[in-house]
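A.B. asks: Can you look at this prediction? I've put the sequence above it.
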Amino acid sequence: MTGDEQTSEIPVAIPLAWGGPPERYWIDHTEAQRRLGILRTKYEEAGFLKMGQAHVIDFPPPRRSPC
């Protein structure tokens, strides 16, 4: 890309240049939401909230060296 392209042209230009992506790489919205729900549950079980952006892990204070 040269930098002269308009953003609105990119979705048209890429498939014309390289063809569309294989269908097997695309999932619909319903399936994406289902999978995100599974991930969210696993994250929360491990103590992570907001899809990994926060946590409820209680870290102990650092140990002081004897020196």
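C.D. replies: Happy to help now that I have it. Residues are numbered from 1 along each chain as shown.
A.B. asks: so where's this structure uncertain?
C.D. replies: 1-9 (pLDDT under 70).
A.B. asks: Name the SS class of the spatially most central residue of the chain, please.
C.D. replies: Centroid-nearest residue in the chain: residue 51, 9.0 Å away (criterion: CA atoms, centre = their mean). Counting by DSSP: H, G, I helix; E, B strand; the rest coil, the backbone at residue 51 sits in helix.
A.B. asks: these two touch, right, it and residue 43?
C.D. replies: Yes - at 6.2 Å, residue 51 and residue 43 qualify as touching, with contact defined as CB atoms under 8 Å. C-beta here means a position set from N, CA and C on the backbone, and glycine is covered the same way.
A.B. asks: so how far is the one helix or strand residue 12 maps to off the chain centroid?
C.D. replies: Using DSSP states H and E, residue 12 falls within helix 10-18. Centre-to-centre, helix 10-18 and its host chain are 24 Å apart (CA atoms, centre = their mean, to the nearest Å).
A.B. asks: in that helix, what's buried?
C.D. replies: Buried residues in helix 10-18, counting neighbours by 16 or more other CB atoms under 10 Å, are absent.
A.B. asks: go on, stretch 40-54?
C.D. replies: Buried residues in stretch 40-54, counted by 16+ other CB under 10 Å: 43, 48.
A.B. asks: Start and end of it, how far apart?
C.D. replies: The straight-line separation of the ends of stretch 40-54 (CA to CA, to the nearest Å) is 12 Å.
A.B. asks: And for it, what's in contact with it?
C.D. replies: Contacts with stretch 40-54, where a contact means CB atoms under 8 Å, 6 or more residues apart in numbering, come from 36, 39, 55, 56, 57.
A.B. asks: now, which of the residues you listed sits nearest residue 20?
C.D. replies: Closest approach to residue 20 among these (CB to CB): residue 36, at 24.2 Å.
A.B. asks: how about that closest one, what does it touch?
C.D. replies: Taking CB under 8 Å, 6+ apart, one finds residue 51 in contact with residue 36.
A.B. asks: Tell me the secondary structure at it.
C.D. replies: Following three-state DSSP, the label given to residue 36 is helix.
A.B. asks: go on, residue 31?
C.D. replies: Following three-state DSSP, the label given to residue 31 is helix.
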